[in-house]
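Asks: Provide a 3D model corresponding to the input given below.
(chains A, B, C and D)
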Number of protein chains: 2
Amino acid sequence: MDLIEIYQCLCDATRLRILHLLTRGPLCVCHFQDILNVPQTKVSQHLSYLRKRGLVEVTRHANWMIYRLPAHPPRELEANLKCLQDCTAEDKRFRADLKKLAKIQSGCGWIAAALKDAPACCQS
Amino acid sequence: MDLIEIYQCLCDATRLRILHLLTRGPLCVCHFQDILNVPQTKVSQHLSYLRKRGLVEVTRHANWMIYRLPAHPPRELEANLKCLQDCTAEDKRFRADLKKLAKIQSGCGWIAAALKDAPACCQS
DNA sequence: TACGAATATTCGCAACGACGAATATAGATC
DNA sequence: GATCTATATTCGTCGTTGCGAATATTCGTA
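Replies: Take a look at the predicted model:
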């Protein structure tokens, strides 16, 4: 994995928030929409950008696409994600994202359930 | 200092090499030219980019402009520079840069001499 | 097999970045 | 003050990026 490409992925606020959330575990697109409060198209475009460069992986569960960090990220990515966590630990916006994430995760147990079924909390 | 701006500075190969060199100490433009082997205009443009965002500081010594990292960089910058060093430790190109740097530094003692005089090694 | 829900892709556009070429500036020296 | 040296800035161009709007795809379900 190219270090420059990693930094290119990190230098957009939306992608930064996405990656930051993914360090806590896998998420589907509708969760990103909810937490980040941005239009679906925008989320998908950034996820596509990240996927093309190998920073995230995706699996389909019925209609839902579950995004996650690679199982064994290369050293450079791991180091930078760790650094990102340190740098955002006291940031208001990133903390707010985590708070929203916690609410969603407690609302439905599908993530803990190893993604065996479609996330019930996505069903409107 | 904005985290996004830091990443924007890091996502170009030339700037990455410049910052990497600066973690070893101050340098003047002609040294960057020598080590990186890129045209003067390009070096100046990237240094200007970095200066505008506060990642480097500059002082003039006669005709020479001495660039350095800020004396007390903010947490985010410090963390990322540390991460950069980790990520590049085994990289061929970055190691070659350091090798060239060592040669230049041993060739003239002006950096150790606290920049009291114009760097003799710059004088052609 | 038609439809709805979740998500992806394409398109057009404005902004930005990288680069080389040309030009400008600032200080030292004669 | 003319000139030289080190460095900075400007300009034109080209590729990339971010975004919203529109459209397409994929899967489950009736």
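Asks: counting neighbours, what do you get for residue A:42?
Replies: 13 (other Cβ atoms under 10 Å in any protein chain shown). Where C-beta positions appear, they are placed from N, C-alpha and C, glycine not excepted.
Asks: spell out which parts of chain A neighbour chain B.
Replies: When proximity is defined as Cβ under 8 Å from any Cβ of the partner chain, chain A approaches chain B at A:3-4, A:7-8, A:10-13, A:16, A:75-76, A:79-80, A:82-83, A:86-88, A:91.
Asks: those, buried ones only, as a PyMOL selection?
Replies: Remark: buried members of the residues of chain A next to chain B, expressed as a PyMOL selection using 16 or more other Cβ atoms under 10 Å in any protein chain shown:
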select buried, chain A and resi 3+7+8+10+11+12+16+76+79+80+83+87+88
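Asks: among the residues of chain A next to chain B, which ones are in helices?
Replies: Judged by DSSP state H, the subset of the residues of chain A next to chain B located in helices is A:3-4, A:7-8, A:10, A:13, A:16, A:75-76, A:79-80, A:82-83, A:86-88.
Asks: closest to residue A:38 among the residues you listed?
Replies: residue A:13 (9.9 Å; Cβ to Cβ).
Asks: hmm, that closest one is touching residue B:4, no?
Replies: Yes - between residue A:13 and residue B:4 there is a contact under Cβ atoms under 8 Å: 5.8 Å.
Asks: can you map out the helices along chain A?
Replies: Under DSSP H, chain A gives helices at A:3-10, A:13-22, A:29-32, A:40-52, A:75-88, A:92-107.
Asks: right, so of those helices, which gets closest to DNA strand D?
Replies: helix A:40-52 (4.3 Å; Cβ to the nearest atom of the strand).
Asks: for that closest one, buried residues please.
Replies: Counting neighbours by 16+ other Cβ under 10 Å, helix A:40-52 gives A:43, A:46-47, A:49-50 as buried.
Asks: residues in contact with the nearest residue to residue A:91 once chain neighbours are set aside?
Replies: Leaving aside its sequence neighbours, residue A:91 sits nearest to residue B:3 (Cβ to Cβ, 6 or more residues apart in numbering or on different chains; 7.8 Å). Contact partners of residue B:3, counting by Cβ atoms under 8 Å, 6 or more residues apart in numbering or on different chains, are A:16, A:87-88, A:91, B:76.
Asks: pull the most distant pair out of the ones in helices among the residues of chain A next to chain B.
Replies: Pairwise over those, using Cβ to Cβ, the maximum falls at A:13 and A:75, 25.2 Å.
Asks: report how many residues lie close to residue A:59.
Replies: Residue A:59: 11 neighbours (other Cβ under 10 Å).
Asks: contact partners for the residue nearest to it when sequence neighbours are not counted?
Replies: Nearest residue to residue A:59, sequence neighbours excluded (Cβ to Cβ, 6+ apart): residue A:66, at 5.2 Å. Shown in contact with residue A:66 (Cβ under 8 Å, 6+ apart): A:26-28, A:58-60, A:115.
Asks: same thing with residue A:95?
Replies: residue A:88.
Asks: how close does it sit to residue A:106?
Replies: 17 Å (Cβ to Cβ, to the nearest Å).
Asks: does DNA strand C sit close to stretch A:49-60?
Replies: Yes - interface with DNA strand C: stretch A:49-60 contributes residue A:58 (Cβ under 7 Å from any atom of the strand).
Asks: ok, and what's touching that stretch?
Replies: Residues from elsewhere that reach stretch A:49-60 (Cβ under 8 Å, 6+ apart): A:1, A:5-6, A:8-9, A:15, A:18-19, A:22, A:47, A:65-71, A:77, A:115.
Asks: format the helices of chain A as JSON lines; extra columns: mean pLDDT.
Replies: Formatted as JSON lines, the helices of chain A follow (pLDDT from 0 to 100):
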{"stretch": "helix A:3-10", "mean pLDDT": "98"}
{"stretch": "helix A:13-22", "mean pLDDT": "98"}
{"stretch": "helix A:29-32", "mean pLDDT": "96"}
{"stretch": "helix A:40-52", "mean pLDDT": "98"}
{"stretch": "helix A:75-88", "mean pLDDT": "97"}
{"stretch": "helix A:92-107", "mean pLDDT": "90"}
